[in-house]
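Asks: quick one: sequence and predicted model below, then my questions.
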Amino acid sequence: MNHTGMDHSSMGHTGMDHSSMGHDMGGMVHDMGMMMSFHGGYKETILFDFWETKTVLAFVLSCLGLFVCAALYEGLKLGREKLMVYEVKRREKTLGDSERKPTIRARLFSRSHLCQTLLHMLQITVSYLLMLVFMTYNSYLCLSVVLGAGLGYFIFGFQRVTSIDVNEHCH
């Protein structure tokens, strides 16, 4: 809400500290606590209030952890794909042995579909968390995510059936 046209003199809050309230810029409040441009530095809050890096060592360990997480994320995508290919082959073999197709209910509540659903939820969660890390705009954290994803693709990508990932959430 823009209060620029209001008379605040009778409200009695002239001695208050307004530094934590942000700045009103034509109806938009801009919080000065988060940098919205790429920057360096090692003092960052990463994803959660408790994940705050106050030392260079904590920051480097966080970068390494995010690097490994981004690499493993690529492995998770490959794992889901391999599981799907395995299930399709198994289903085709089973259908070849019998004339009866499984019902929609049986396929919906099958162990493999439930497993894929849980893995999909995990993939979405990791994907968005990595995206939020990137949105800290800390150059080192961004580089950790990109290099980790690059290494993960290098390690796992050549095994992929297709280069187009229809299950990717952040592209």
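Replies: Nice, I can see it.

Asks: which SSE is the residue nearest to Gly79 when sequence neighbours are not counted in?
Replies: Distance criterion Cβ to Cβ, 6 or more residues apart in numbering; nearest residue to Gly79, sequence neighbours excluded, is Leu119 at 7.3 Å. (Glycine included, C-beta is placed from N, CA and C.) Leu119 is part of helix 111-134, with elements assigned from DSSP states H and E.

Asks: which residues touch stretch 81-92?
Replies: Residues outside stretch 81-92 that contact it (Cβ atoms under 8 Å, 6 or more residues apart in numbering): Pro102, Ser112, Cys115, Gln116, Leu119, Gln159, Arg160, Val161.

Asks: in PyMOL, how would I select the buried members of those residues?
Replies: In PyMOL syntax, the buried subset of the contacts of stretch 81-92 is picked out as below (16 or more other Cβ atoms under 10 Å):
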select buried, resi 116+119
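
Asks: what's the farthest-apart pair in the contacts of stretch 81-92?
Replies: Pro102 and Gln159 (28.5 Å; Cβ to Cβ).

Asks: top helix in this structure by residue count?
Replies: helix 56-97 (DSSP state H).

Asks: got the angle for that helix vs helix 111-134?
Replies: Angle, helix 56-97 to helix 111-134, by axes from the mean of the first three to the mean of the last three Cα atoms, to 10 degrees: 150 degrees.

Asks: brilliant, that's me finished.
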